[in-house]
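Chemist: could you work out the structure for the sequence below:
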Amino acid sequence: MANSESEGAPGSEREALRSELERFQARLELALEAGRMGAWQFDMQTGHVTWTATLERIHGLAEGTFGGTFEHYQRDIHPEDRARVLAAIAASASGAIPHQLLYRIVRPDGQVRWLEASGRLTAGPDGQPTQMMGVCCDVTERVASEEERRELLLRTEAAVRARDDLLAMVSHDLRSPLGVVAFSVEVIAERIGREDPRSLKDIERIRRAVTGMSSLIGNLLDATSIETGSFAISPKEANVQALVLESLDSFARFAGRRQVGLVMKCDDPSAKIVCDRQRIRQVVDNLLGNAIKFAPEGTLVEVSARVDASGFVLAVSDSGPGIPAENAALVFERYWHGKQSGRGGTGLGLYIAQGIVAAHGGRIWVESVLGEGSTFFVRLPHPERRPE
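Modeler: Residues are numbered from 1 along each chain as shown. Purely as a prediction, here's the structure:
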């Protein structure tokens, strides 16, 4: 009895292994089907190709109807992709290099589907390749979605280019008549001022409106040139203190109306930098104007400027409401500040300032604490250290 049980043990083990293998294959088939994937195996000695039922369904075939040869597989590959796919498989078979492909197939009903396939070579004990195996996944919906996104991106880029071209054209066309208006206002102010001084207030309102419109047009042109990569600078040597003082003088009345004090610190009055003076003055004006705008009454706005071994460093500080940490980088985005600040404006100032600083090979950033204020920094490297 003992001998009989001993003799039957190997058979029982084989049955257990066979059952376990069948369960494993069933689980694998279920996992492949859930992932819309099919597995394949190519016996390089016999030329026989085995497909799982899921792969047959992906190819639009009824279960068990695949021909079982590499030639049958080739027939399904889209004619425009066939040479590329076969070349990749041949390279993989000869060099034992795993392949991963994205290609199209044509089902028996004429429907075109996109497949993503990967495969690798396996070798026998003697090192000779014996078979290739891999998986295929139907990714038609993903490819279609990616194509839609690409088309949407192209349409969006075209719309942005058209918008920028229109802005540039309109801005250029408006500059000439605005120049005429500005000149006419000055002539009228000179004439009427002598006869009716009370009308000068109305003329001053017109003058401010014209100045504001000219500034807006300039900002639109600058933003467009920065966006299109056509923004250019003309660097020359400039005195740091004189440059900053000009900006402070131009904002003195605005600061006085808001009861905000202005303080300047310059370590070396004779320090000079090489920059586009007009453009850097534009940056200083923007930072100073924003600081005064957000500074509470009775507080100070501090401007410090210095030139050290690394280049020019400017800091403009206020004790206003501050900027949330998550918005510290967003404030330099085009139009963002105008939408978020609640103070009006286009939101182009900081965007243009960043473009000007970048054109000099420099960097602009803000450090802020909510409820305590903000400091905007500008760092411009010396010309020999600027990137080409």
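Chemist: now for the helix or strand where residue 156 lies, which elements pack on it?
Modeler: Per DSSP states H and E, residue 156 falls inside helix 140-195. Other elements packing on helix 140-195 under the criterion 3 or more Cβ pairs under 8 Å, 6 or more residues apart in numbering; DSSP states H and E are strand 112-123, helix 200-228. The way it works is simple: take the backbone N, C-alpha and C, and place the C-beta from them, glycine included.
Chemist: hey, what's the angle from it to helix 200-228? Just curious.
Modeler: 150 degrees (axes from the mean of the first three to the mean of the last three Cα atoms, to 10 degrees).
Chemist: coming back round to it: winner for burial among the helices and strands packed on helix 140-195?
Modeler: Relative to the other members of the helices and strands packed on helix 140-195, strand 112-123 carries the highest mean neighbour count by mean count of other Cβ atoms under 10 Å, namely a mean of 17.
Chemist: what confidence value was assigned to residue 378?
Modeler: Predicted confidence (pLDDT) at residue 378: the value is 96.
Chemist: same check, this time on residue 177
Modeler: Residue 177 is assigned 79 on the pLDDT scale.
Chemist: now it: how far from residue 98?
Modeler: From residue 177 across to residue 98, the span is 68 Å (Cβ to Cβ, to the nearest Å).
Chemist: show me which of those two is the more surrounded one.
Modeler: Comparing residue 177 with residue 98 by other Cβ atoms under 10 Å, the one with more neighbours is residue 98, at 12 against 9.
Chemist: need phi/psi at that one.
Modeler: According to degrees, to the nearest 10, the main-chain angles of residue 98 amount to phi -60, psi 140.
Chemist: how far away is residue 311 from residue 238?
Modeler: From residue 311 across to residue 238, the span is 13 Å (Cβ to Cβ).
Chemist: ok, now residue 121?
Modeler: According to Cβ to Cβ, residue 121 stands 68 Å off from residue 238.
Chemist: tell me the contacts of residue 368?
Modeler: With contact taken as Cβ atoms under 8 Å, 6 or more residues apart in numbering, residue 368 is in contact with 322-323, 325, 328, 374-375.
Chemist: what about 7 Å?
Modeler: Residues in contact with residue 368, defined by Cβ atoms under 7 Å, 6 or more residues apart in numbering, are 322-323, 328, 374.
Chemist: from those residues, which would you call buried?
Modeler: Using 16 or more other Cβ atoms under 10 Å as the burial test, the contacts of residue 368 include 322-323, 374 as buried.
Chemist: closest one to residue 157 out of those residues, please.
Modeler: Of all those, residue 157 sits closest to residue 323, with 30.4 Å by Cβ to Cβ.
Chemist: tell me which element that closest one is part of?
Modeler: With DSSP H and E as criterion, residue 323 is part of no helix or strand.
Chemist: the spatially closest residue to it that is not a sequence neighbour sits in which helix or strand?
Modeler: In this structure, residue 323 finds its nearest non-sequential neighbour in residue 368, 4.1 Å apart by Cβ to Cβ, 6 or more residues apart in numbering. Element membership for residue 368 (DSSP H and E) is strand 363-369.
Chemist: same deal with residue 380?
Modeler: With the criterion set as DSSP H and E, the secondary-structure element containing residue 380 is strand 373-381.
Chemist: what sits up against that strand?
Modeler: Counting contacts by Cβ under 7 Å, 6+ apart, the residues outside strand 373-381 that touch it are 273, 275, 283, 287, 310-320, 322-323, 357, 360-368.
Chemist: same check on stretch 245-262?
Modeler: Applying Cβ under 7 Å, 6+ apart, the external contacts of stretch 245-262 come out as 264, 281, 284-285, 288-289, 292, 295, 297-301, 303.
Chemist: any idea what the closest residue to residue 362 other than its chain neighbours is bridged to?
Modeler: In this structure, residue 362 finds its nearest non-sequential neighbour in residue 380, 3.9 Å apart by Cβ to Cβ, 6+ apart. Taking DSSP bridges, one obtains residue 312 as the residues bridged to residue 380.
Chemist: any low-confidence regions in the stretch 51-200 of the chain?
Modeler: Low-confidence segments of the stretch 51-200 of the chain (pLDDT under 70): 96, 167-168, 171-172, 193-195.
Chemist: thinking again about what came up before, so between residue 311 and residue 238, which is more surrounded?
Modeler: residue 311 (21 against 17).
Chemist: burial count for the closest residue to that one other than its chain neighbours?
Modeler: With Cβ to Cβ, 6+ apart as the measure, residue 381 is the residue that lies nearest to residue 311, at 4.2 Å, once sequence neighbours are left out. Number of residues near residue 381 (other Cβ under 10 Å) recorded here: 15.
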